[in-house]
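Asker: sequence and computational prediction follow.
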Amino acid sequence: YEGLSSNVFVIMRDEAGAPVVRTAGEGVLLGTVRGLALQLCREMGIQVVETPPSLKEAERWEEVFISSTSRWVLPVATVVMPDGTEWSGRSRGLAEELYQAVLRRAADSSVAL
């Protein structure tokens with residue numbers, strides 16, 4: 001549930017239809033961009049569940065994205081499953097919205113050199 005240099009997140013819906021972000025909370029690098037992404041999700045009213053996404057729930061996934069220092073927040077279009085089948089995103093734009101929010105927050109927090 002973590003890439004070589006990135007964290008993995010899944011966006012799905014709860015029973016009421018509200019967005020939920022799932023990502024591993026233990027055994028992963030708790031990096032700055034990951035923390036900012038989770039903070040912004042909460043500020044945007046998106047529930048965060050820090051348990052690893054399950055491949056068994058892939059049919060419920062709407063979006064997948066990764067975070068890292070060099071990629072910020074990057075939406076994932078396709079996930080190749082262990083059996084060779086492919087999951088393709090049904091994006092509603094939350095990952096892109098989160099990416100834009102991360103960029104704004106980083107710019108607002110930066111100082112000129």
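Answerer: Perfect, I can see it now.
Asker: mind giving me the packing neighbours of the helix ranked longest in the chain?
Answerer: As assigned by DSSP state H, the longest helix anywhere in the chain is helix 94-109. With contacts taken as 3 or more Cβ pairs under 8 Å, 6 or more residues apart in numbering; DSSP states H and E, helix 94-109 sits against strand 7-13, helix 32-43, strand 63-68, strand 72-76. C-beta here means a position set from N, CA and C on the backbone, and glycine is covered the same way.
Asker: so can I have CSV of those showing mean pLDDT?
Answerer: Compiled in CSV, those are given as follows (pLDDT from 0 to 100):
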stretch, mean pLDDT
strand 7-13, 95
helix 32-43, 95
strand 63-68, 94
strand 72-76, 92
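Asker: pick the most deeply packed of these.
Answerer: For these, the largest average neighbour count (mean count of other Cβ atoms under 10 Å) is found in strand 63-68, namely a mean of 23.
Asker: for it, which strands pair with it and how are they oriented?
Answerer: Paired neighbours of strand 63-68 in the sheet (DSSP bridges): strand 7-13 (antiparallel), strand 72-76 (antiparallel).
Asker: what's the angle between the first one and helix 94-109?
Answerer: Between strand 7-13 and helix 94-109, the angle formed by their directions is 130 degrees, by axes from the mean of the first three to the mean of the last three Cα atoms, to 10 degrees.
Asker: can you pull the alpha-carbon coordinates of strand 7-13 into PDB?
Answerer: What follows is strand 7-13, C-alpha atoms only, in PDB (Å, rounded to 0.1, in the frame of the first residue of the first chain):
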ATOM      1  CA  ASN A   7       1.900   6.600  -0.600                       C
ATOM      2  CA  VAL A   8      -1.300   5.100  -2.100                       C
ATOM      3  CA  PHE A   9      -4.800   6.400  -1.500                       C
ATOM      4  CA  VAL A  10      -8.200   5.200  -2.600                       C
ATOM      5  CA  ILE A  11     -11.400   7.400  -2.800                       C
ATOM      6  CA  MET A  12     -14.700   5.500  -2.400                       C
ATOM      7  CA  ARG A  13     -18.100   6.300  -1.000                       C
END
